[in-house]
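Novice: predicted model follows, preceded by the sequence.
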Amino acid sequence: MNEVLSWISVHEQYIYIVVLMIFLGIEVIGRVPSVLHTPLMSGANAIHGVVIIGAIIVMGKAESDNYIALILGFLAVILGTLNVVGGFVVTDRMLEMFKSKNKAQKANSRKLSN
């Protein structure tokens, strides 16, 4: 327990910065209008693509006996991939909302005829 408390006291400024970033992020995201949701999702997908590449690099450069780096890199790749795929699914669904009914019906009839 003493190690945890000493680590917290050493890294106290970093902890404050992270907590402030969390509150700032919540405030910024909470005030985004729904019209901007799709462009922001595309930007988030690009950021998570960079996270995936960084995680792959970390895993590639990690020593074979450094299990922490390998596990964290693997989790970053998996979670980043899930986030990118989920973002694309949400973006695709939102873009479907803006298509006209006639185009959607024609596309469905083409799928059924094939």
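Specialist: Yep, that arrived.
Novice: mind listing what's buried in the longest helix belonging to the chain?
Specialist: In the chain, taking DSSP state H as the definition, the longest helix is helix 67-97. For helix 67-97, the neighbour count (16 or more other CB atoms under 10 Å) marks 73, 76, 77, 80, 83, 84, 87, 91 as buried. Glycine gets a C-beta too; all of them are placed from N, C-alpha and C.
Novice: same for that helix, what does it pack against?
Specialist: On a contact count with 3 or more CB pairs under 8 Å, 6 or more residues apart in numbering; DSSP states H and E, helix 67-97 meets helix 37-61.
Novice: give the buried residues for the helix it packs on.
Specialist: In helix 37-61, counting by 16+ other CB under 10 Å, buried: 38, 41, 44, 45, 48, 51, 52, 55, 58, 59.
Novice: how close does residue 97 sit to residue 88?
Specialist: Distance check for residue 97 against residue 88: by CB to CB, to the nearest Å, it reads 15 Å.
Novice: how about residue 20?
Specialist: Counting by CB to CB - residue 20 and residue 88 are separated by 31 Å.
Novice: report the rounded mean pLDDT for stretch 52-66.
Specialist: For stretch 52-66, mean pLDDT rounds to 89.
Novice: right, I mislabeled it, should have said stretch 91-98
Specialist: Here the average pLDDT along stretch 91-98 is 77.
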